[in-house]
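A.B. asks: Have a look; sequence and predicted model below, questions after that.
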Amino acid sequence: MFRHRPRSPIKGVFFDYDGVLTTDKTGSLTTCRYLSSQTGIDLRILTRALRHYNNDLTIGRRSHADVWPELCESLGQVIPVGLLPLAFQSTPANQPMFALAEELKRRCVVGIITDNKKDRIDYLRKAQQLDRLFAPIVVSAEMGCTKEDKRMFQAALQLSGLQASEAVFIDNSTPNLIAPRALGMQTIHFDDATNDVAGLRRTLKEDHGLLVDPDA
């Protein structure tokens, strides 16, 4: 983990979603893997076909319903759009990370900042009861930009009433840490391959002054 020492007391922790709160590195992997298992289409072929629409879906320019006929035509196979909710449902929650977020919520603001498709996150907000635990939840498809843009993080700060120096952002992709760091937020790179949630807990406690020991 790459750590950046805080200059102000931390009052909020923001999590990326896929690769941090889930055990899959990306949401596209989750969705394509499920669709491949149900249709028999090779995962690599399906991933490549859906990647063509990924940017438009992620910034909310188009929805899955918009692109689905084109996707099916490009694959030469009709995929029932009704499989999508089941694909979203197959998202594997990172339970130790959710438990950590529960602990943090007793002490500070806990939110999500994610590059994601609107229909997918709308579904998961209900299925995983995300709004019970996380506020705010800032989604690229609703903002019209990704985490490369400072506006994603400015929106989260404004909604939470925090200054940049009072917030920590956790992501499994180092390029996604550039914009928040430029704003003055503290950042932590989380290695999704090792999924060392215990190590993250120690970092938040020892480096950022948050009491997140399980017995605290």
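C.D. replies: Cool, got the structure.

A.B. asks: who touches stretch 134-145?
C.D. replies: Contact with stretch 134-145 is made by 15, 57-61, 101, 109-118, 121, 125, 130-131, 146-147, 149, 151-152, 155-156, 159-160, as judged by C-beta atoms under 8 Å, 6 or more residues apart in numbering. The C-beta positions use only the backbone N, C-alpha and C, and glycine is treated the same way.

A.B. asks: Which of the residues you listed fall within helices?
C.D. replies: The helices in this structure, assigned by DSSP state H, contain 57-58, 101, 118, 121, 125, 130-131, 151-152, 155-156, 159-160 from the contacts of stretch 134-145.

A.B. asks: Filter those down to the buried ones.
C.D. replies: The neighbour-count test (16 or more other C-beta atoms under 10 Å) applied to the ones in helices among the contacts of stretch 134-145 identifies 57, 58, 101, 118, 121, 125, 130, 151, 152, 155, 156, 160 as buried.

A.B. asks: I'd like the ones in helices among the contacts of stretch 134-145 as a markdown table, with pLDDT and distance to residue 42 appended.
C.D. replies: As requested, the ones in helices among the contacts of stretch 134-145 are exported to a markdown table (pLDDT from 0 to 100; distance: C-beta to C-beta, whole Å):
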| residue | pLDDT | distance to residue 42 |
| --- | --- | --- |
| 57 | 98 | 21 |
| 58 | 98 | 23 |
| 101 | 97 | 36 |
| 118 | 97 | 28 |
| 121 | 98 | 27 |
| 125 | 98 | 31 |
| 130 | 98 | 32 |
| 131 | 98 | 36 |
| 151 | 98 | 37 |
| 152 | 98 | 34 |
| 155 | 98 | 38 |
| 156 | 98 | 38 |
| 159 | 98 | 41 |
| 160 | 98 | 43 |
